[in-house]
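Asks: show me the folded form of this:
(one chain, ligands or ions: 1)
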Amino acid sequence: MRVDVVSLFPEFVAQCAAFGVVGRAQERGLLSLHGWNPRDYAPGNYRRVDDRPFGGGPGMVMLIDPLHDAIEAARAADPREAKVVYLTPQGARLTQAKVRELAAHPRLILLCGRYEGVDERLIEAEVDEELSIGDYVLSGGELAAAVVVDAVARLQEGALNDAESAAQDSFEHGLLDCPHYTRPVEHPLGHVPEVLLSGNHAEIARWRRMESLGRTWLRRPDLLDEQALGKADRALLDAFRARYLQ
Ligand SMILES: CN(C)c1ccccc1CNc1ccc(C(N)=O)cn1
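Replies: This is a model prediction of the structure:
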């Protein structure tokens, strides 16, 4: 998968993608990242990329032409069709389902806004999708772009080994992950649940599923559609609630 990032700080996103699983995905050729700086397409000595907003008010707005030219240069760098995504607080919420959809594209162009954002005419002409990573304001779209790069990189075939993909799977199934424990068994901070030491793999799987269901019910009831749960999961959740409420 190829990702082109249009940003005044293109190195920002490249740095975020240089470590761990995402860095390894790049080394394995599963992901290629390219930065395009609108300032390189801004004419004259001052190389302006922003200007004052029509209608007055504080802050600056990113100019159309440097962004347009940077996006077109990115498009031209690879023959495949690109989906252009603008990271903005005004975007649709990014979910794992949306990440899966994005990860299936051969190419993405991620547009990172700074200042107060981008001239609306550029958005209308060039952007396919506006996405938000959450309801909060960042000083630029680069962190949001780095989140998208990380999330789609992990879904590239061959990016994760078995252990890593197990961690990925829990949220993929729409539930929160169960608790995890490792050595030592006894520690001043507490002990390890007996079931995990039992070697009884059916019981361990049952306990983990119950914990995932229970935690989702407690922490993110919005993720839990109890109607869609099978008979076995409903029984596990009832058992969790009985223990929790006793
Ligand atoms: C400068 N701002 C406020 C701005 C305004 C408009 C567009 C982009 C930006 C860049 N900032 C962002 C970007 C994304 C998110 C998010 N939640 O995905 C939060 N902040």
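
Asks: what segments of this structure are strands?
Replies: Using DSSP state E, the strands of the chain run over 2-6, 32-36, 50-51, 61-62, 83-93, 107-112, 129-132, 186-187, 190-191.

Asks: now do the buried residues in the second one.
Replies: Taking 16 or more other CB atoms under 10 Å as the basis for neighbour counts, the residues of strand 32-36 that come out buried are 33-36. Where C-beta positions appear, they are placed from N, C-alpha and C, glycine not excepted.

Asks: circling back to that earlier point, for Arg75, find the nearest of the strands of the chain.
Replies: When these are compared by CB to CB, strand 107-112 sits nearest Arg75, at 7.0 Å.

Asks: tell me if that closest one is near the ligand.
Replies: No: Strand 107-112 lies out of reach of the ligand by CB under 6 Å from any ligand atom, never closer than 7.1 Å.

Asks: check which helices and strands the lengthiest helix in the chain sits against.
Replies: Counting residues, the longest helix found in the chain (DSSP state H) is helix 201-219. On a contact count with 3 or more CB pairs under 8 Å, 6 or more residues apart in numbering; DSSP states H and E, helix 201-219 meets helix 231-245.

Asks: now do the helix it packs on, average pLDDT.
Replies: In this model, helix 231-245 has a mean pLDDT of 97.

Asks: over to stretch 87-103?
Replies: Confidence over stretch 87-103 (mean pLDDT, whole number) is 97.

Asks: C-alpha coordinates for that stretch, PDB please?
Replies: Output of stretch 87-103 as PDB, limited to C-alpha atoms (Å, rounded to 0.1, in the frame of the first residue of the first chain):
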ATOM      1  CA  LEU A  87      -8.000  14.700   8.600                       C
ATOM      2  CA  THR A  88     -10.200  17.300  10.400                       C
ATOM      3  CA  PRO A  89     -12.300  17.700  13.500                       C
ATOM      4  CA  GLN A  90     -15.200  18.200  11.100                       C
ATOM      5  CA  GLY A  91     -14.700  14.600   9.700                       C
ATOM      6  CA  ALA A  92     -16.600  11.400  10.200                       C
ATOM      7  CA  ARG A  93     -15.300   9.400  13.200                       C
ATOM      8  CA  LEU A  94     -12.500   6.900  12.400                       C
ATOM      9  CA  THR A  95     -13.500   3.400  13.400                       C
ATOM     10  CA  GLN A  96     -11.800   0.000  12.900                       C
ATOM     11  CA  ALA A  97     -14.400  -0.700  10.200                       C
ATOM     12  CA  LYS A  98     -13.300   2.400   8.400                       C
ATOM     13  CA  VAL A  99      -9.600   1.500   8.900                       C
ATOM     14  CA  ARG A 100     -10.300  -1.900   7.300                       C
ATOM     15  CA  GLU A 101     -11.900  -0.100   4.300                       C
ATOM     16  CA  LEU A 102      -9.000   2.300   3.900                       C
ATOM     17  CA  ALA A 103      -6.500  -0.500   4.200                       C
END
